[in-house]
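Undergrad: Provided below for reference: sequence and predicted model.
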Amino acid sequence: MLKIFTRNKKVAQVAQTLENVISPPKIATVEEIHAEFDSAESRILDQCDTILAELQIPTETQIEKKAKLMQDLGFVNSETVK
């Protein structure tokens, strides 16, 4: 990929056009487009799970597990259990 660092938009557009001529963008088939679209939901959910794990934000299932443990120990009036 050619990279030209410039403030001039015209030069950048010409560089992009030149890059497309040298290595044209891949043309996708209908099947590839449909496969990409059909798998998008699971890929997005996987990315969200990864981000939540990195941020260490408790998810609903983690809170539910904690509430169940607290309830089993007798903390029935805790805000987490409620």
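TA: All right, it came through fine.
Undergrad: what kind of secondary structure is the residue nearest the centre of the chain in?
TA: Residue closest to the average C-alpha location in the chain (Cα atoms, centre = their mean): Gln47, at 3.9 Å. What DSSP: H, G, I helix; E, B strand; the rest coil gives for Gln47 is helix.
Undergrad: ok, how many other residues are close to Thr61?
TA: Residues lying near Thr61 (other Cβ atoms under 10 Å) number 8. Heads up, the C-betas are built off the backbone N, CA and C, glycines and all.
Undergrad: any idea which element it lies in?
TA: Assigned by DSSP states H and E, Thr61 belongs to helix 60-72.
Undergrad: same question for Phe75.
TA: Following DSSP H and E, there is no helix or strand that holds Phe75.
Undergrad: check Ala28 too.
TA: Taking DSSP H and E as the definition, Ala28 sits outside all helices and strands.
Undergrad: now do it against Gln16, distance only.
TA: Separation of Ala28 from Gln16 (Cβ to Cβ, to the nearest Å) stands at 19 Å.
Undergrad: Cys48 now?
TA: Noted for Cys48: a distance of 32 Å to Gln16, by Cβ to Cβ.
Undergrad: go on, Gln71?
TA: 60 Å.
Undergrad: residue ranges with poor pLDDT in the chain?
TA: Along the chain, segments meeting pLDDT under 70 span 1-8, 23-25, 57-59.
Undergrad: could you measure from the residue of it positioned farthest from its centre over to Val81?
TA: Most distant from the centre of the chain: Gly74, at 39.2 Å, with distances by Cα atoms, centre = their mean. Distance, Gly74 to Val81, by Cβ to Cβ: 10 Å.
Undergrad: could you do Gln47 as well?
TA: Noted for Gln47: a distance of 31 Å to Val81, by Cβ to Cβ.
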